[in-house]
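Visitor: Turn this into a model:
(one chain, ligands or ions: 1)
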Amino acid sequence: MKHTNFIDREKLYGLLENNTPAESELNDILNKARKLKGLNLDDVAKLLCVEDETSIAKILDTAHYCKEEIYGKRLVLFAPIYTGNACVNNCVYCGFRRDNKALKRKILTLDEIENETLHLLRMGHKRALLICGESPRNDADYMVEAIRRTYAAKDEKGSTIRRINVELAPMSVGDFAKLKAERIGTYVCFQETYDEVEYRKFHPAGTPKGDYLNRLTVMDRAMEGGIDDVGLGVLFGLVDYRFEILAIMEHARHLEEDFGCGPHTVSFPRIEPAEGTPFSLPENIPHPVSDKDFMKIIAIIRIAMPYTGIIISTRERPEMRDQLVKYGVSQISAASETNPGGYEEENTGAQFTLGDHRSLDEVISMMIDGGYIPSFCTGCYRKGRVGADFMDLAKPGLIKEYCKPNAMFTFREYLEDYASPATKEKGLRLLKQLTQTFPKEELKRRVEGNLCRIGDGERDLYF
Ligand code: SF4
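Guide: Sure, this is the predicted structure:
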């Protein structure tokens, strides 16, 4: 299939000129958003132009409504495994870039990958994201072995990783088909910036990543290779964040039109300082995104693409993460390390510095205090409810029947197997309260039944 550029740069920047909505127009857009059917490009451009506090508060309020309606109190947890930090590219903002001589390089062996996986399992994780720089040393064949070894690892309690997502450099349709055969979940690849002119400044020519179109069309190749679950993202701070949000909307539209299914997730990283990388220092970031604007854009994506997962990482500080969860974030990484061998406390170079250093138990304890349900659920993926099927399922009522019970089952497993006594005690109390919230008696009984079975030692139950 011929791959073409679907981002009209001039049009998107044009939509951001003098486009602030009148109050009645803003209200119309937000009322439309409350129907949970998403927004179009023009609506989103108008919301992005909103600057005054009162209007922003209305956007946040609408996002909170949509989040609660669709996701309820569930929050999915995962952790990355950095399999290597060698990279042939030279992205100016990244600690892994080729010219960063300050970095100690490492590609994990399969035994080391297994070891990192065991560290995650012993914390209680069930979902891992395999991630690395771009290097011939971690090509698709290496990743196939890495995926196999990660799925095969089993801790003393018999736990295994149940879903592996991968964040890898663009590859060919044939290589995507190889990954698909290994049962990967989501394929993630950030465009970094959709602004082609600026893209060239951050990604030097002569490196694989210097080819804008090759990166822009990577999801097309992933879908042609059979992967129907893809994750988009940009690195906020490179160009005007408003342009990036419109471009993400356009990317989602392109995937829906050509492949019948939009992105499963959108990730929201902001540039963070990285060792030996002056560009990443706060004073050098070309378009820093303030906390206030960051909250606004997460809220806008939540209401514009209500069924798409929104991911933030441990780049963000705990206070910020807790706020963002309220307005749209549905998945967070927890207790992460961003260097290969980091869970084993190897002193290799990291991609960026972390803003959240809490342990998984501490993160979960705080989630319980906020009434959130920590979820390690992988039920949909393992029942084949992915891609377009997932989008059909992702209607509020159905999510409540599947996702909420499944989240509760994985939460109970965590409490039984890995939680500290204090976390376990308050977690069990929360589960008891949650069980009472199912309006249908039959569903309530089935949920109670499974929770008891897990308490009695059964594992991996899901609807
Ligand atoms: S952003 Fe990715 S491709 Fe660029 S230098 Fe870092 S690891 Fe390599």
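
Visitor: So residue 195 versus the ligand, what's the distance?
Guide: The gap separating residue 195 from the ligand is 16 Å, by C-beta to the nearest ligand atom, to the nearest Å. The C-beta positions use only the backbone N, C-alpha and C, and glycine is treated the same way.

Visitor: Three-state assignment for the residue nearest to that residue when sequence neighbours are not counted, please.
Guide: Excluding its sequence neighbours, the residue lying closest to residue 195 (C-beta to C-beta, 6 or more residues apart in numbering) is residue 239, at 4.6 Å. Using DSSP: H, G, I helix; E, B strand; the rest coil, the three-state assignment for residue 239 comes out as coil.

Visitor: ok and the residue in the stretch 201-350 of the chain nearest the ligand?
Guide: The stretch 201-350 of the chain approaches the ligand most closely through residue 209 (5.0 Å), counting by C-beta to the nearest ligand atom.

Visitor: what sits against the spatially closest residue to residue 217 that is not a sequence neighbour?
Guide: Using C-beta to C-beta, 6+ apart and skipping residues adjacent in sequence, the residue nearest residue 217 is residue 3, 3.6 Å away. Counting by C-beta atoms under 8 Å, 6 or more residues apart in numbering, residue 3 makes contact with 213, 217, 220-221.

Visitor: From those residues, list the buried ones, please.
Guide: Neighbour-count burial (16 or more other C-beta atoms under 10 Å) is assigned, among these, to 217, 220-221.

Visitor: of all the residues in the stretch 101-250 of the chain, which ones are close to the ligand?
Guide: 133-134, 209 (C-beta under 6 Å from any ligand atom).

Visitor: Considering these, which possesses the most neighbours?
Guide: Neighbour counts for these (other C-beta atoms under 10 Å) peak at residue 133, which has 27 neighbours.

Visitor: Surely that one touches residue 87?
Guide: Yes: between residue 133 and residue 87 a contact is recorded at 3.0 Å, counting by C-beta atoms under 8 Å.

Visitor: Quick check: neighbours shared by those two?
Guide: Residues touching both residue 133 and residue 87 (C-beta under 8 Å, 6+ apart): residue 96.

Visitor: burial measure for residue 460, as a count.
Guide: By the criterion of other C-beta under 10 Å, residue 460 has 16 neighbours.

Visitor: One more: residue 208?
Guide: 14.

Visitor: Flag every buried residue along the helix or strand hosting residue 47.
Guide: Using DSSP states H and E, residue 47 maps to helix 41-48. Across helix 41-48, burial judged by 16+ other C-beta under 10 Å covers 43-48.

Visitor: ok, of those, which one's closest to the ligand?
Guide: Taking the buried residues of helix 41-48 together and measuring to the ligand by C-beta to the nearest ligand atom, the closest member is residue 48, at 25.6 Å.
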